[in-house]
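S.K.: mind folding the following:
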Amino acid sequence: ARHLAGSHTCLLIDLPGHGFSNVSGTLSLEAIATGLVDIVDDLTDSSYSIIGHSAGAAIAAQMAMIRPGPIDHITSINGAFLPFRGLAGVFFSPLARGLSKMPGVAALVAWRVRSRGAMERLIESTGSQLTAEQVGSYRRRLSDPARVRAILSMMAHWDLAGLARRLPCLTTPLLLLAASRDRTVAPEEAEEVAQLAANAS
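M.R.: Prediction:
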């Protein structure tokens, strides 16, 4: 963002329940994308491009299918466009739905994140290499049960199978960047998405 800000107007948005934002309404892919389209429409009459990492790339694609006109280009960084494979795909959303409704689960996760080394192990499991300051920022966010509840609620309402079926309708130019050490979204998925989306590379 610091590099881009020299020549572009940059808008960095916290998803509902993430960062410092509040939670309101349903946290489905369609609802979040619709809300973001409305926000950007209120802020600018100009066309714009979107850079999205993981779930952010899926949201960008959904935004472009809701309102394709103003979006010039999408850059995806290990975008989470496809459902989880195997048993994880079968159980992921139902499990998240169940956990999001169980009292005390969010508080338990938040408490666990505060313990020494837990956040570092979680970050390491994704393949990321972060500074101590960045890890501390994640720890502060995930130590808040309200943030954990929001993330579980978003996962519970996430329909990536539906998004994958709609990808052939995505005409907005899509550049897929894949980081080889990402352990959350396999880099090979970018090749599959490039075959599905109409204008992807």
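
S.K.: give me the element Thr171 is part of.
M.R.: Counting by DSSP states H and E, no helix or strand carries Thr171.

S.K.: next, give phi and psi for the spatially closest residue to Leu196 that is not a sequence neighbour.
M.R.: Leaving aside its sequence neighbours, Leu196 sits nearest to Leu167 (Cβ to Cβ, 6 or more residues apart in numbering; 4.1 Å). No exception for glycine: its C-beta is placed from N, CA and C like everyone else's. The phi/psi pair for Leu167 (degrees, to the nearest 10) reads phi -60, psi -40.

S.K.: quick one: neighbours of Leu167, just the number.
M.R.: Neighbours of Leu167 under the rule other Cβ atoms under 10 Å: 21.

S.K.: one more: Arg147?
M.R.: Counted with other Cβ under 10 Å, Arg147 comes out at 22.

S.K.: wouldn't it be in contact with Tyr138 here?
M.R.: No: with contact defined as Cβ atoms under 8 Å, Arg147 does not reach Tyr138; the gap is 10.3 Å.

S.K.: quick check: closest non-adjacent residue to the spatially most central residue of the chain.
M.R.: The chain has Ala55 as the residue nearest its centroid, 2.0 Å off, counting by Cα atoms, centre = their mean. Nearest non-adjacent residue to Ala55, counting by Cβ to Cβ, 6+ apart: Ala80, 5.2 Å away.

S.K.: quick check: pLDDT value at that neighbour.
M.R.: Model confidence at Ala80, given as pLDDT, is 92.

S.K.: where does it sit: helix, strand or coil?
M.R.: With DSSP: H, G, I helix; E, B strand; the rest coil as the basis, Ala80 sits in coil.

S.K.: before we move on, the earlier item: quick one: contacts for the residue nearest to the centre of the chain?
M.R.: By Cβ atoms under 8 Å, 6 or more residues apart in numbering, the contact set of Ala55 is 15, 80, 154, 158.

S.K.: in a helix, that's where the first one is, yeah?
M.R.: It stands for Leu15. No: using three-state DSSP, the assignment for Leu15 is coil, not a helix.

S.K.: so who does it touch?
M.R.: Counted by Cβ under 8 Å, 6+ apart, Leu15 has contacts 21, 32, 55-56, 59, 154.

S.K.: ok, now with 7 Å
M.R.: By Cβ atoms under 7 Å, 6 or more residues apart in numbering, Leu15 lies in contact with 21, 32.

S.K.: distance of it relative to Glu30?
M.R.: As judged by Cβ to Cβ, to the nearest Å, Leu15 and Glu30 stand 14 Å apart.

S.K.: now Ala194
M.R.: Separation of Ala194 from Glu30 (Cβ to Cβ): 23 Å.

S.K.: for Gly117, same thing?
M.R.: 38 Å.

S.K.: between the two, which one's more packed in?
M.R.: Glu30 (16 against 8).

S.K.: so which helix or strand takes in the residue lying closest to that one once chain neighbours are set aside?
M.R.: Counting by Cβ to Cβ, 6+ apart, Glu30 lies nearest to Gln62, which is 6.4 Å off, once chain neighbours are set aside. Using DSSP H and E, Gln62 maps to helix 55-66.
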